[in-house]
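Visitor: Below: sequence and its predicted model.
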Amino acid sequence: FIDQTDDGGQVTTEMFDGLLACLADCGFHRRLNPELVKVVFEALDDNNSGSLGGSEFYDLCDILQYDFSVCPRDSWFLRKWPNNQLLQRLKATMYNGAEVDTGPD
């Protein structure tokens, strides 16, 4: 795929989208979150050119082989009771002494 690009081995987002569409047409059943693909593409674009070179493209393909999910940083308990004193102190401990509001003493 890289060797067939017109601009010296650079893969643009449009080209990569076309590759994903082609794979879908060929029966590739894995669903890729378009937002995740965009974020990873931009993160791997080291020089912010809007395209990936050969090694960046291969890194993108490697990363997209895995399933990713985003989970909330805070537990359901902390989201339900955000002002719980014990949890606020545990949170302060997790942040290793960084300034975190632990509520009134």
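Guide: Received, thanks.
Visitor: Distance check, the nearest residue to residue 10 once chain neighbours are set aside against residue 43.
Guide: What sits nearest to residue 10 in space, not counting adjacent residues and going by CB to CB, 6 or more residues apart in numbering, is residue 51, at 4.0 Å. To be clear about C-beta, it is placed using only N, CA and C from the backbone, and glycine gets the same treatment. Using CB to CB, to the nearest Å, residue 51 is found at 14 Å from residue 43.
Visitor: Neighbour count for these two, which is higher?
Guide: Ranked by neighbour count (other CB atoms under 10 Å), residue 51 and residue 43 place residue 51 first, with 21 against 12.
Visitor: so who does the more buried one touch?
Guide: Residues near residue 51 by CB atoms under 8 Å, 6 or more residues apart in numbering: 7, 10-13, 45.
Visitor: for it, phi and psi?
Guide: For residue 51, the backbone dihedrals (degrees, to the nearest 10) come out as phi -140, psi 160.
Visitor: Equivalent analysis for the one 10 residues further on, please.
Guide: The phi/psi pair for residue 61 (degrees, to the nearest 10) reads phi -60, psi -40.
Visitor: what's the neighbour count on it?
Guide: What residue 61 shows, counting by other CB under 10 Å, is a neighbour count of 13.
Visitor: can you give me the helices for this structure?
Guide: Assignment of helices within the chain using DSSP state H yields the ranges 13-25, 34-44, 54-63, 76-80, 85-94.
Visitor: got these as a markdown table, with distance to residue 69 and mean pLDDT columns?
Guide: Shown next, in a markdown table, are the helices of the chain (distance: least, CB to CB, whole Å; pLDDT from 0 to 100):
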| stretch | distance to residue 69 | mean pLDDT |
| --- | --- | --- |
| helix 13-25 | 20 | 82 |
| helix 34-44 | 10 | 86 |
| helix 54-63 | 14 | 84 |
| helix 76-80 | 16 | 77 |
| helix 85-94 | 22 | 79 |
